[in-house]
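**Student:** Okay, predicted coordinates and the sequence, questions at the end:
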Amino acid sequence: MRNRAAAIIIRNKNILLMRRQKPGRNYFILPGGGVEFGESFEEACIREVKEETGLDVLNLQLIYTFNNNGSEEHYFLTRIPPDEPVLGGSEADRQTESNVYTFEWVDADQLENTNLLPAQSRKICLEVLKS
């Protein structure tokens, strides 16, 4: 696995998650993705959010880092414009009837029972939402 940068995007006490549905799997992830060669974690977060959601990151605040099976993950609290996300990038290219990507705004109560991966990210998000 390669290093990853993820965005914690909160609006009206809800967090933006990307739902993944494919045969035998139904889970959520935070917007974000792999850090490319020569790219900082901050740059990767900004790029990935733009590619996946079409939204521009207005501010980044590093709030958590951890090692996930040998890969470093950085989580950033971010601000975005009030626009709604629109699926783009490689996710839009890979979307089919059996490989679905959708965005959902989830509150803290819903997040408690959401299959957010990696599992550590749910704890991080709950701490942010409840603070």
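**Tutor:** Everything's here; your move.
**Student:** What ranges does the protein have for its strands?
**Tutor:** 4-11, 14-22, 25-29, 32-34, 59-68, 71-79, 100-107 (DSSP state E).
**Student:** highest average neighbour count across those?
**Tutor:** Most buried of the strands of the chain, by mean neighbour count (mean count of other Cβ atoms under 10 Å): strand 4-11, with a mean of 22. For every residue, glycine as well, the C-beta is placed using N, CA and C.
**Student:** Contact partners for residue 101?
**Tutor:** 18-20, 87, 91-92, 94-95 (Cβ atoms under 8 Å, 6 or more residues apart in numbering).
**Student:** Output the below-cut-off pLDDT ranges for the protein.
**Tutor:** 1 (pLDDT under 70).
**Student:** Check it and tell me which residue is nearest its centre.
**Tutor:** Geometric centre of the chain, nearest residue: residue 30, 1.8 Å, by Cα atoms, centre = their mean.
**Student:** excluding its backbone neighbours, what's nearest that residue?
**Tutor:** residue 6 (4.1 Å; Cβ to Cβ, 6 or more residues apart in numbering).
**Student:** what are the bridge partners for that neighbour, then?
**Tutor:** When assigned by DSSP bridges, residue 6 has beta-bridge partners residue 32, residue 75.
**Student:** That one reaches residue 28, doesn't it?
**Tutor:** No: the pair residue 6 / residue 28 is not scored as a contact, 11.7 Å apart, by Cβ atoms under 8 Å.
**Student:** what's the neighbour count on residue 93?
**Tutor:** Neighbour count for residue 93, taken as other Cβ atoms under 10 Å: 9.
**Student:** typed the wrong thing, it's residue 82
**Tutor:** Residues near residue 82, counting by other Cβ under 10 Å: 6.
**Student:** Quick one: the strands of the chain as JSON lines, columns for distance to residue 115 too.
**Tutor:** Formatted as JSON lines, the strands of the chain follow (distance: least, Cβ to Cβ, whole Å):
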{"stretch": "strand 4-11", "distance to residue 115": "16"}
{"stretch": "strand 14-22", "distance to residue 115": "9"}
{"stretch": "strand 25-29", "distance to residue 115": "4"}
{"stretch": "strand 32-34", "distance to residue 115": "17"}
{"stretch": "strand 59-68", "distance to residue 115": "16"}
{"stretch": "strand 71-79", "distance to residue 115": "18"}
{"stretch": "strand 100-107", "distance to residue 115": "11"}
